[in-house]
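> After the sequence you'll find the predicted model.
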Amino acid sequence: GAGVSQTPSNKVTEKGKYVELRCDPISGHTALYWYRQSLGQGPEFLIYFQGTGAADDSGLPNDRFFAVRPEGSVSTLKIQRTERGDSAVYLCASSLDGSTDTQYFGPGTRLTVL
Amino acid sequence: QQQVKQSPQSLIVQKGGISIINCAYENTAFDYFPWYQQFPGKGPALLIAIRPDVSEKKEGRFTISFNKSAKQFSLHIMDSQPGDSATYFCAARGSGAGSYQLTFGKGTKLSVIP
């Protein structure tokens, strides 16, 4: 595709439910990042994949958050037992590889936990 | 610990004026400093970036000034236009293992009035 795509664009869920957010990176990009952007804040790093493996998951806030990238392309961010504090825009970015500076961001998924 | 501090939080500039946004960083391991532009409902888009081996970089109406000793960098938008109205984020990234993620400032909401 032309850019990073994310689905769904909006997700409303109830407290305690499980959600999955999907990211399709730019074709050929081996590095993929997830960030979380709260209202009025800059994006905050969650996790970085190089290929299929999570090279750095130090930004995940707790063990309710998990992400996978089984084939080295599409990634899914999974949130268990959602809490109201999880409400934010979840951004995905990709770059050619981990050493490449430029990260291209998708439009994000706005998650609202009621 | 906020590693990248950005100011001002909001900025109103008349059309044709100069918009100036400032950032300061703490981590001396940072060696890549991009600025991102974000419109409502969209993901951040790379605007311009600089490495600390140069003190200034210009691309069209956008200029980054970098002061390594002061650990500060700024974005100047010349001849500001209403279409420049957006939120701008400075960011920083280190080098080497464990430094793949971008650390963002909190953002500056720029409004250019006709």
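Structure received.
> In chain B, where is pLDDT below threshold?
Applying pLDDT under 70 to chain B flags the ranges B:1-2, B:96-98.
> Nearest spatial neighbour of whichever residue of chain B sits closest to chain A, chain-adjacent residues omitted?
Closest contact between chain B and chain A, by C-beta to the nearest C-beta, is at B:Phe104 (3.1 Å). Where C-beta positions appear, they are placed from N, C-alpha and C, glycine not excepted. The spatial neighbour of B:Phe104 that comes closest, neighbours along the chain excluded (C-beta to C-beta, 6 or more residues apart in numbering or on different chains), is A:Gly42 at 3.1 Å.
> Just say helix, strand or coil for that neighbour.
coil (DSSP: H, G, I helix; E, B strand; the rest coil).
> mind listing what it touches?
By C-beta atoms under 8 Å, 6 or more residues apart in numbering or on different chains, the residues touching A:Gly42 are B:Val4, B:Gln6, B:Phe89, B:Ala91, B:Phe104, B:Gly105, B:Lys106, B:Gly107.
> Just the closest of the residues you listed to A:Thr76, please.
B:Phe104 (23.4 Å; C-beta to C-beta).
> circling back: whichever of the contacts of A:Gly42 end up buried, select them in PyMOL.
Buried subset of the contacts of A:Gly42, written as a PyMOL selection, criterion 16 or more other C-beta atoms under 10 Å in any protein chain shown:
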select buried, chain B and resi 4+6+89+91+104+105+106+107
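> what about the residue nearest to A:Ser5 when sequence neighbours are not counted, how many residues close to it?
In space, and not counting its chain neighbours, A:Ser5 is closest to A:Asp24: 4.5 Å by C-beta to C-beta, 6+ apart. Here the number of neighbours of A:Asp24 (other C-beta atoms under 10 Å in any protein chain shown) works out to 18.
> give me the beta-bridge partners of B:Gln38?
Bridge pairing for B:Gln38 (DSSP bridges) gives the partners B:Thr87.
> actually A:Ser95, sorry about that
Going by DSSP bridges, A:Ser95 forms beta bridges with A:Ala31.
> per-residue pLDDT, it?
pLDDT recorded at A:Ser95 is 93.
> Do I have it right that it meets B:Pro34?
No. Look at A:Ser95 against B:Pro34 with C-beta atoms under 8 Å: they stay out of range, at 11.6 Å.
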